[in-house]
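K.L.:
How does the following fold in three dimensions:
(one chain, ligands or ions: 1)
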Amino acid sequence: MKITDLKCAVIGQNPVVRIVTDEGIDGYGQAESSKPYLKPHVMYYRDRILGRDPTDVERVMLGIRRYGGFKPWGSSVSAIEMALWDIAGKAAGVPVYKLLGGKIRDRVRVYLTGGPEPIQGSDPEDFASHVARIPGMKEGFEICKQGIAFHSPMPHAVPHFTYSDPDGPTLESRGPITERGLNHMVDCVAAMKEVLGDRIGLALDCGPGMMVTDAIRLARALEPYNVMWLEDMITGDYTPYVLADLYRQVTESTSTPIHTGEQIYLRQHFKDLFEKQAINIIGPDPADVGGIAELKWIAEYADLHGILIAPHGVLDGLFGLAAHVQVAATLPRNYIALEYPGAADWWHEIVEGLPDPIVVDGHVQVWDAPGLGVRFVEEEAKKHLSEEDAGFFD
Ligand SMILES: [Mg+2]
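P.N.:
As a prediction, this is how the structure comes out:
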């Protein structure tokens, strides 16, 4: 089998990659909805994969992996990797999880980021009323994640939250947090835990951009609340580096689990985090880290070091969800949950193979169709293509 074409179209806001072969089998992958600009970058790889056998996934990846980078520049490589696995699974007539070693669970836990509606306000009572709606959601989520600190409007909404720019911190100027800011965050977490109790786990996305001393003080102050994790306090999101030694100082100083990794590209950049015991939980995104086999390898290596995994994925779209589910079914015991990419109401119109409802009792049932197991209903999907992408399915 040979690759004859690589295409990319934006559906919803997500770039969708299509790899076409000479045997009539095609494969799909997807990047985050925050990256509709990615199309030219995907096409950069076209000449590097044409003529290759897509079922030799690793051999194709060796030709393109080194031309990716930290978020957002690992996305194209990652989406192509997903599409290669989709083809390999379809060609073999098995779901991708079989090619990754087989599943060890039939349902994969997912976690919710945010709530049924965006949060209004930055005060403890706003956080409490925001999370109060989560226990009633039909998906039955067991874990939710909320933004605080630099991953929220707090630095601007709460007076004297930081010691950085008097006009409010920017991404470049994030820095020391005041005692008032620290107390405000603790009050907000206490208010949320009061509502959620111990039935729904609470994770907190915090940064990036905090100082080590503030990260330690926050993590220690939150110890009585048993939060699931504190995410990306030092680096994360679009910081193109890791700073494992700083994370190690934080992680060694507290019993609160410390989490990072959604921006990281490739296994090599997790090595320090693992070998220095710098982190408790990692959150690589299969749509940024280099793909699903890359994520599988990282999860196994994390498990050897007693480190857990909760993959990032909130913006990964429906093929991203499919890729998550396939790999999550195979991850070792250190798997907690993947971040659920909230479904658009038209997803079930443009594809077959997604369960309906997708999330039941906080889990997604692993499906068994070949490849990623999700097939476009082309006539319906075409309605979501722009004029520029009209030939995507040709
Ligand atoms: Mg995050």
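K.L.:
So residue 288 sits against residue 269, correct?
P.N.:
No: the pair residue 288 / residue 269 is not scored as a contact, 11.3 Å apart, by C-beta atoms under 8 Å. No exception for glycine: its C-beta is placed from N, CA and C like everyone else's.
K.L.:
Please save the CA atoms from stretch 321-338 in CSV.
P.N.:
The C-alpha trace of stretch 321-338 is given here as CSV (Å, rounded to 0.1, in the frame of the first residue of the first chain):
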residue,chain,number,x,y,z
LEU,A,321,-11.7,11.7,20.8
ALA,A,322,-11.5,8.5,18.8
ALA,A,323,-7.7,8.5,19.0
HIS,A,324,-7.9,9.1,22.8
VAL,A,325,-10.3,6.3,23.3
GLN,A,326,-8.2,3.8,21.3
VAL,A,327,-5.0,4.5,23.1
ALA,A,328,-6.6,5.0,26.6
ALA,A,329,-8.0,1.5,26.3
THR,A,330,-4.4,0.2,26.2
LEU,A,331,-2.8,2.4,28.9
PRO,A,332,-1.4,0.7,32.0
ARG,A,333,-2.8,1.0,35.6
ASN,A,334,-1.5,4.6,36.0
TYR,A,335,-4.3,5.9,33.8
ILE,A,336,-6.7,8.2,35.5
ALA,A,337,-8.9,9.8,32.9
LEU,A,338,-8.7,11.7,29.6
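K.L.:
Quick check: buried residues in it?
P.N.:
321-331, 334-338 (16 or more other C-beta atoms under 10 Å).
K.L.:
of those, closest to residue 382?
P.N.:
Proximity of the buried residues of stretch 321-338 to residue 382 (C-beta to C-beta) peaks at residue 322, which lies at 19.8 Å.
K.L.:
helices or strands next to the helix-or-strand element of the chain with minimal mean pLDDT in the packing?
P.N.:
None of the helices or strands of the chain scores lower by mean pLDDT, DSSP states H and E than helix 154-157, at a mean of 90. With contacts taken as 3 or more C-beta pairs under 8 Å, 6 or more residues apart in numbering; DSSP states H and E, helix 154-157 sits against helix 179-196.
K.L.:
The helix it packs on - contacts with which helices or strands?
P.N.:
helix 124-131, helix 154-157, strand 201-205, helix 212-221.
K.L.:
Buried deepest among these, which one?
P.N.:
Most buried of the helices and strands packed on helix 179-196 by mean neighbour count (mean count of other C-beta atoms under 10 Å) is strand 201-205; its value is a mean of 24.
K.L.:
what pLDDT, on average, does it get?
P.N.:
Averaged over strand 201-205, pLDDT sits at 98.
K.L.:
Can you list the strands that it pairs with?
P.N.:
Here strand 201-205 is paired, per DSSP bridges, with strand 143-147 (parallel), strand 229-231 (parallel).
K.L.:
what does the least confident helix or strand of the chain contact?
P.N.:
Outside of helix 154-157, the residues within contact range by C-beta atoms under 8 Å, 6 or more residues apart in numbering are 121-122, 148-149, 161-162, 164, 168-169, 174, 181, 184-185.
K.L.:
Touching, residue 43 and residue 15? I think so.
P.N.:
No: using C-beta under 8 Å, residue 43 is not in contact with residue 15; the gap is 10.5 Å.
K.L.:
Those two: which has the busier surroundings?
P.N.:
Using other C-beta atoms under 10 Å as the criterion, residue 43 and residue 15 rank with residue 15 on top: 26 against 14.
K.L.:
ok, and the more buried one, which helix or strand is that part of?
P.N.:
Per DSSP states H and E, residue 15 falls inside strand 14-21.
K.L.:
For the closest residue to residue 282 other than its chain neighbours, grab phi and psi.
P.N.:
Leaving aside its chain neighbours, residue 282 sits nearest to residue 261 (4.1 Å; criterion: C-beta to C-beta, 6 or more residues apart in numbering). With angles defined as degrees, to the nearest 10, residue 261 sits at phi 130, psi 0.
K.L.:
Please name the residues that touch residue 261.
P.N.:
236, 270, 273, 279, 282, 283, 284, 289, 312.
K.L.:
could you pull out the helices for the stretch 51-200 of the chain?
P.N.:
Secondary structure of the stretch 51-200 of the chain (DSSP state H, counting those that start in this stretch): helices located at 57-64, 75-92, 96-99, 124-131, 154-157, 179-196.
K.L.:
Make JSON lines from these and add distance to residue 347 to it.
P.N.:
As requested, the helices of the stretch 51-200 of the chain are exported to JSON lines (distance: least, C-beta to C-beta, whole Å):
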{"stretch": "helix 57-64", "distance to residue 347": "26"}
{"stretch": "helix 75-92", "distance to residue 347": "17"}
{"stretch": "helix 96-99", "distance to residue 347": "19"}
{"stretch": "helix 124-131", "distance to residue 347": "25"}
{"stretch": "helix 154-157", "distance to residue 347": "33"}
{"stretch": "helix 179-196", "distance to residue 347": "28"}
